[in-house]
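> from the sequence below, what's the structure:
(chains A and B)
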Number of protein chains: 2
Amino acid sequence: MIDKLPGGKLRRRGAHLKAAVLSAVLESVNEYGIRGFSVSDVAHRAGVHETSVYRRWSESRALLVAALYDRTDETLPVPDTGSLRGNLLAHLRQVADYLASPTGRASLQIAAATVQSDASEKARDDFWSSRSTVVELLLERARKTGEIVDVPDPEIAYELLAAPLYMRVLLTGRPIDEDYLTRIVDSFLRESTS
Amino acid sequence: MIDKLPGGKLRRRGAHLKAAVLSAVLESVNEYGIRGFSVSDVAHRAGVHETSVYRRWSESRALLVAALYDRTDETLPVPDTGSLRGNLLAHLRQVADYLASPTGRASLQIAAATVQSDASEKARDDFWSSRSTVVELLLERARKTGEIVDVPDPEIAYELLAAPLYMRVLLTGRPIDEDYLTRIVDSFLRESTS
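Reported below is the predicted structural model:
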């Protein structure tokens, strides 16, 4: 529900306010980095009063964590290229595109800055579990059709495939291109295929 | 060369000054985090004047980067357990221990905070290349003795093995224990042993 206020600000409520604020958090972090991020900038971008933000998220860390883990429930596309190799490659391409996007870069900064926070442990774990579901699904499907006989450890499969990408973005700064993605998938798959 | 100054401060020069300052950087980041880090705290810990620090490193980012990449030339131990699996496991244990140490935690924060810096690209690349040499050596040795027939892609082998550990420390916050290390090595090796 959105009303016009005298000052030209919008009165956003409930889900509208939440969505506007959390998306403003990612924009703000993307522009100013995790160190330059401020609640006043977020309120300005979302077109809401700062007090409305503080009413819901009492401190900036809670706001950062909420913006990141808001994506836990989103449905990730499940590739269907006809082969496990093609599917894993398509999925890693999605991860790479996301990491290269403004939202992805901002999310990664928030994740790295809040990993020490005990308060967000459950939300963090749920979020990362949600990220690994596509790979688990693809492996299970390939096992059922008989495309792979010896299924890789499903609980850590996502980490083995995606962690090198995160490491390149967060630590080494090396490029992530199609050749790199192919080498990761091929190293991972090299003999699980029958 | 170290002289006593009237104020009780030590006059450290050359390599002494450099070593004292760079190790103080890691201590400072470990205590206050990358956001709380300051040149004055570093100078205080190293027992040198702030101006001596600024003379050598004109800004704090250069100082952070120097502290991190100072380790590029250090010689990493090469495990010799009698099997490739044992060697890779021993090496990952070293990486895990390092990541859990105060120095390791501080280094990781600096690496993540400076990855966007173009100025440090060459130093960064040299550093990460130096980190992957042990795994390359272990794989090459196993290939020579015939322990593995199909050598995994050596250029990305270190990333495949170590990136999941970095991801746990930096992003998911999940524990790194012996069981986890074993599952990574076994997933990696599953197909290379003859």
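> which strands or helices does whichever strand or helix holds A:R93 pack on?
Assigned by DSSP states H and E, A:R93 belongs to helix A:84-100. Judged by 3 or more C-beta pairs under 8 Å, 6 or more residues apart in numbering or on different chains; DSSP states H and E, helix A:84-100 is in contact with helix A:102-114, helix A:121-144, helix A:154-167, helix A:178-189. Using the backbone N, CA and C atoms, a C-beta is placed for each residue, glycine as well.
> the shortest one and chain B, any residue contact?
Spelled out, it's helix A:178-189. Yes. If you take C-beta under 8 Å from any C-beta of the partner chain as the test, helix A:178-189 does meet chain B, through A:180, A:183-184, A:186-188.
> try the longest one
Yes. Using C-beta under 8 Å from any C-beta, we find that helix A:121-144 touches chain B at A:121, A:124-125, A:128.
> do the same with the first one
Yes. Using C-beta under 8 Å from any C-beta, helix A:102-114 reaches chain B at A:108, A:111-112.
> and that helix, what's buried?
The neighbour-count check on helix A:102-114 (16 or more other C-beta atoms under 10 Å in any protein chain shown) flags A:103-114 as buried.
> which one of those residues sits closest to B:T75?
When those are compared for distance to B:T75 (C-beta to C-beta), A:A112 comes out closest, at 29.4 Å.
> and that closest one, what is it in contact with?
By C-beta atoms under 8 Å, 6 or more residues apart in numbering or on different chains, A:A112 lies in contact with A:34, A:170, B:112, B:170-171.
> CA atoms of the helix holding A:R93 as PDB?
Provided in PDB are the C-alpha atoms of helix A:84-100 (Å, rounded to 0.1, in the frame of the first residue of the first chain):
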ATOM      1  CA  LEU A  84      24.500 -33.400 -16.800                       C
ATOM      2  CA  ARG A  85      27.600 -31.700 -18.100                       C
ATOM      3  CA  GLY A  86      25.600 -29.200 -20.000                       C
ATOM      4  CA  ASN A  87      23.300 -28.600 -17.000                       C
ATOM      5  CA  LEU A  88      26.100 -28.000 -14.600                       C
ATOM      6  CA  LEU A  89      27.800 -25.700 -17.000                       C
ATOM      7  CA  ALA A  90      24.500 -23.800 -17.500                       C
ATOM      8  CA  HIS A  91      24.100 -23.500 -13.700                       C
ATOM      9  CA  LEU A  92      27.700 -22.300 -13.200                       C
ATOM     10  CA  ARG A  93      27.100 -19.700 -16.000                       C
ATOM     11  CA  GLN A  94      24.100 -18.400 -13.900                       C
ATOM     12  CA  VAL A  95      26.300 -18.200 -10.800                       C
ATOM     13  CA  ALA A  96      29.000 -16.400 -12.700                       C
ATOM     14  CA  ASP A  97      26.500 -13.900 -14.300                       C
ATOM     15  CA  TYR A  98      25.100 -13.300 -10.800                       C
ATOM     16  CA  LEU A  99      28.500 -12.700  -9.300                       C
ATOM     17  CA  ALA A 100      29.300 -10.200 -12.100                       C
END
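> pick the most deeply packed of the helices and strands packed on helix A:84-100.
Greatest average neighbour count among the helices and strands packed on helix A:84-100 goes to helix A:154-167 (a mean of 22), per mean count of other C-beta atoms under 10 Å in any protein chain shown.
> which elements pack onto it?
helix A:84-100, helix A:121-144, helix A:178-189, helix B:154-167, helix B:178-189.
> chain center to the first one: distance?
For helix A:84-100, the distance between its averaged C-alpha position and the chain's averaged C-alpha position is 13 Å (C-alpha atoms, centre = their mean, to the nearest Å).
> buried residues in that helix, which are they?
Going by neighbour count (16+ other C-beta under 10 Å), the buried part of helix A:84-100 is A:84-85, A:87-92, A:95-96, A:98-99.
> if we can go back for a sec, tell me the one of the residues of helix A:178-189 next to chain B nearest B:G47?
For the residues of helix A:178-189 next to chain B, the nearest to B:G47 is A:Y180 (45.4 Å; C-beta to C-beta).
> what residues are up against the closest one?
A:Y180 neighbours (C-beta under 8 Å, 6+ apart): A:168, B:156.
> A:N87 versus A:E140, what's the distance?
A:E140 sits at a distance of 12 Å from A:N87 (criterion: C-beta to C-beta, to the nearest Å).
> got the contact list for A:Y166?
A:99, A:108, B:163, B:166-167, B:170-171.
> run the last query once more with 6 Å
B:M167 (C-beta atoms under 6 Å, 6 or more residues apart in numbering or on different chains).
> likewise A:D126?
Listed by C-beta under 6 Å, 6+ apart, the contact partners of A:D126 are A:T72.
> how about A:L165?
By C-beta under 6 Å, 6+ apart, the contact set of A:L165 is A:95-96, A:176.
> please redo it, this time with the cut-off set to 7 Å
By C-beta atoms under 7 Å, 6 or more residues apart in numbering or on different chains, the contact list for A:L165 reads A:92, A:95-96, A:99, A:176.
> same check, this time on A:D41
A:S28.
> would you check how far apart it and A:A24 are?
According to C-beta to C-beta, A:D41 and A:A24 sit 8 Å apart.
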